[in-house]
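[1] Next comes the sequence, and after it the predicted model I'd like to discuss.
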There are 2 protein chains.
Amino acid sequence: MYGFNYYTPTKVVFGKNTEAKAAELIREFGGKKVLIHYGGGSVVRSGLLKRVTDTLDEAGIPYVTLGGAVPNPRLSLVYEGIDLCRKEGVDFLLAVGGGSAIDSAKAIGYGVANEGDVWDFYDYRRKATGCLPLGVILTIAATGSEMSDSSVITKEEGLVKRGYNSDYCRPKFAIMNPELTMTLPDYQTACGCTDIMMHTMERYFTSGGNMEITDSMAESLLRTVMTNAEILVRDPKNYEARAEVMWAGSLSHNGLTGCGNDGGDWMTHKLEHELGGLYDVAHGAGLAAIWGSWARYVYKDCLPRFKRFALNVMGVAPAGSDEETALKGIEALEDFFRRIHMPTNLRELGVSATEEDLHTMAHKCAVGVNGAKGSAKLLREADMYAIFKASM
Amino acid sequence: MYGFNYYTPTKVVFGKNTEAKAAELIREFGGKKVLIHYGGGSVVRSGLLKRVTDTLDEAGIPYVTLGGAVPNPRLSLVYEGIDLCRKEGVDFLLAVGGGSAIDSAKAIGYGVANEGDVWDFYDYRRKATGCLPLGVILTIAATGSEMSDSSVITKEEGLVKRGYNSDYCRPKFAIMNPELTMTLPDYQTACGCTDIMMHTMERYFTSGGNMEITDSMAESLLRTVMTNAEILVRDPKNYEARAEVMWAGSLSHNGLTGCGNDGGDWMTHKLEHELGGLYDVAHGAGLAAIWGSWARYVYKDCLPRFKRFALNVMGVAPAGSDEETALKGIEALEDFFRRIHMPTNLRELGVSATEEDLHTMAHKCAVGVNGAKGSAKLLREADMYAIFKASM
């Protein structure tokens, strides 16, 4: 067991019609001029953006808007947002959307609150000393960015995808209305459920010390997400299931499911970041496609955790040996991924990578993690290549 | 399932020697002149107070001290603290101790930040509009006050014990070093474990809607506390067990285990507040002494929850009927209480209440909750009397 910091200052306002509280919350947290940042047209088409701007108009809070945040959000739009905020004197950011809009807004917030090139933070060259205050209206349950300290940005030049973490960017508030997620395509819903599970699993699979309360709550969370992800395959408009998944998404990445461990493994995420940078695949699908290969590569080095996962999360019956039990657990999760129509390898993901691509991704990933990373098993470039290769 | 707000801004710094970070954290949250508020002499005798004041001296942060907070903390000391803060220009409170010191500090914080009599808030006459910022060094795992929005104060005149809740009093930081709890008497440790469990159980036993993720995490928390409470009976210096219980104490009362329910039942707490006001018993022991009688009085009105509790928390085998299963669960928890040397009735608590006492407590409790309260079953004065009577 390790010591830890736990800091989740985000005020969560959860339930039906909670988006009506946007102006009240912006005011509570001192916002006087707002940039509303969003992604594609769905926020416009659904009328959500109009409802939000109406609320701000009514409250007399001035704002400017900036759309266009895409999955694997781009650095160029971040620069555009920073310029806009400076020009307009914006002092509060409101992200309306999923992880793309939120992460893009976080990067804009860093850029406005710090001198110099914002990419420096994502490129591990220096640390931010602040971030513009940020609120969120969440429309996709997936990245957990609405409560997390992290954001992930892709630089177009070289398609480099990097994350930067600091408490400064934790949102002041997060409005979560499960109804807003009901219009998501089924594929995106399943991607979100995968991402949510993986945020807890990255923390769960460690060779370091753990806390029982953290582990048992993590297992509860994973079981809940699986149950409700399958309900949503059959019944996408199920409010209760949408709500379970949405709240799990926040709890899975706000730090709760990692308290007392060694920081987690995170290699599935790091490997997927290279996939996402090169092929622009959906993040959750990329995680599902790579996880099984990662798990089979590392499970013998982290056997107690993989055994426990098999028994407590996947509910498999104990097999003849711990290794067999662990493998049954890995297979059971892949079966689950198939049931929610997620890929379990690169082919199913729609990616046909060349040998050169595999080497390029492994090399970039190793550089990105300073040579080696992972807690379940320490991985170097050759290991990363082997996992990419096995996931073909 | 209900909508909810979730707001836990407290920065938790958890692990060995974390008390060394007190000055740094006070500075981070803007404190310039501190009142260090503590309880009995153990904080002095153990050398903890000296270590903390040394840290502040070294950092050049001026402070005054006020000891004397007692279990069921008294209003007179709160008034004294308010006067001292005003006289000394204190702008930050540091509570060193358990729930008594923290709750007393919260009340002092309300008193300094608001005009008029601070008791008005506890007497439901008006609402606070602020609270002095507060940090905590926790030495007893029990009340969860280190992350909660609540405080409970006893007015000497008439021995009236009342709680007041608002987000203003949530501590800015909570330093939690499980080693600081190792010198607690075994009885106090068991009382703390009971209080921790009860904070989740009060939220768990409802007749309103619930969320599966909340329920399953609540069950994980309860099982973890029970396992580790029994370890601490045999091995009070076990760091890991102390840590599991300490973190459970915060999670059990910061709102997490109530997300999506109807607010919870809270009648065991309300009934115990009357016991605590009249007899000055340890809060956790009072809860254990009253819970079984409450549970047997209400379980038929909340049968699905009591059945689920029996199966998922107490691990009993399903009986012939749901009612039998529920009763087996109640019995199993009482057996657990006995194993950690907690009372399961007033006699074992050392209280011999007269008929008049029972009526007085029931009447005061009914007044305190505006006539009727409870979610598992709505209770009125006659019900409260019956539960007190059954707990003799």
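    In hand now; what should we look at?
[2] Tell me the residues on the stretch 251-392 of chain A that lie near chain B, please.
    For the stretch 251-392 of chain A, the residues found near chain B under the criterion CB under 8 Å from any CB of the partner chain are A:L251, A:L256, A:C259, A:G260. Where C-beta positions appear, they are placed from N, C-alpha and C, glycine not excepted.
[3] what would those residues look like in JSON lines with pLDDT?
    Below are these laid out as JSON lines (pLDDT from 0 to 100):
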{"residue": "A:L251", "pLDDT": "98"}
{"residue": "A:L256", "pLDDT": "96"}
{"residue": "A:C259", "pLDDT": "96"}
{"residue": "A:G260", "pLDDT": "95"}
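[4] export those to TSV and tack on neighbour count?
    Formatted as TSV, these follow (neighbours: other CB atoms under 10 Å in any protein chain shown):
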residue	neighbour count
A:L251	28
A:L256	22
A:C259	24
A:G260	23
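[5] Tell me the one of those nearest A:S76?
    When these are compared for distance to A:S76 (CB to CB), A:L251 wins out at 32.9 Å.
[6] so what secondary structure elements neighbour whichever strand or helix holds A:L327?
    Applying DSSP states H and E as the criterion places A:L327 in helix A:322-339. Contact analysis of helix A:322-339 by 3 or more CB pairs under 8 Å, 6 or more residues apart in numbering or on different chains; DSSP states H and E lists helix A:212-234, helix A:283-298, helix A:303-308 as its packing neighbours.
[7] Just say which of those helices is most tucked in.
    Each of the helices and strands packed on helix A:322-339 was assessed for mean neighbour count using mean count of other CB atoms under 10 Å in any protein chain shown. The highest is helix A:283-298, with a mean of 26.
[8] starting at the chain centroid, how far to it?
    The gap between where helix A:283-298 is centred and where its chain is centred comes out at 15 Å by CA atoms, centre = their mean, to the nearest Å.
[9] hey, C-alpha coordinates of that helix in CSV?
    Provided in CSV are the C-alpha atoms of helix A:283-298 (Å, rounded to 0.1, in the frame of the first residue of the first chain):
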residue,chain,number,x,y,z
HIS,A,283,-10.1,5.7,-28.5
GLY,A,284,-12.3,3.1,-26.8
ALA,A,285,-12.2,0.8,-29.8
GLY,A,286,-8.5,1.1,-29.9
LEU,A,287,-8.2,0.1,-26.3
ALA,A,288,-10.4,-2.9,-26.8
ALA,A,289,-8.3,-4.0,-29.8
ILE,A,290,-5.0,-3.8,-28.0
TRP,A,291,-6.0,-5.0,-24.5
GLY,A,292,-6.1,-8.7,-25.0
SER,A,293,-2.6,-8.8,-26.6
TRP,A,294,-1.3,-6.6,-23.8
ALA,A,295,-2.9,-8.9,-21.2
ARG,A,296,-1.6,-12.1,-22.6
TYR,A,297,1.9,-10.6,-22.9
VAL,A,298,2.0,-9.4,-19.2
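[10] And that helix, what does it pack against?
    Of the remaining helices and strands, those touching helix A:283-298 by 3+ CB pairs under 8 Å, 6+ apart are helix A:186-204, helix A:267-279, helix A:322-339, helix A:346-349, helix A:381-390.
[11] Could you export those to TSV, including columns for mean neighbour count?
    Converted to TSV, the helices and strands packed on helix A:283-298 look like this (neighbours: other CB under 10 Å):
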stretch	mean neighbour count
helix A:186-204	25
helix A:267-279	24
helix A:322-339	19
helix A:346-349	18
helix A:381-390	19
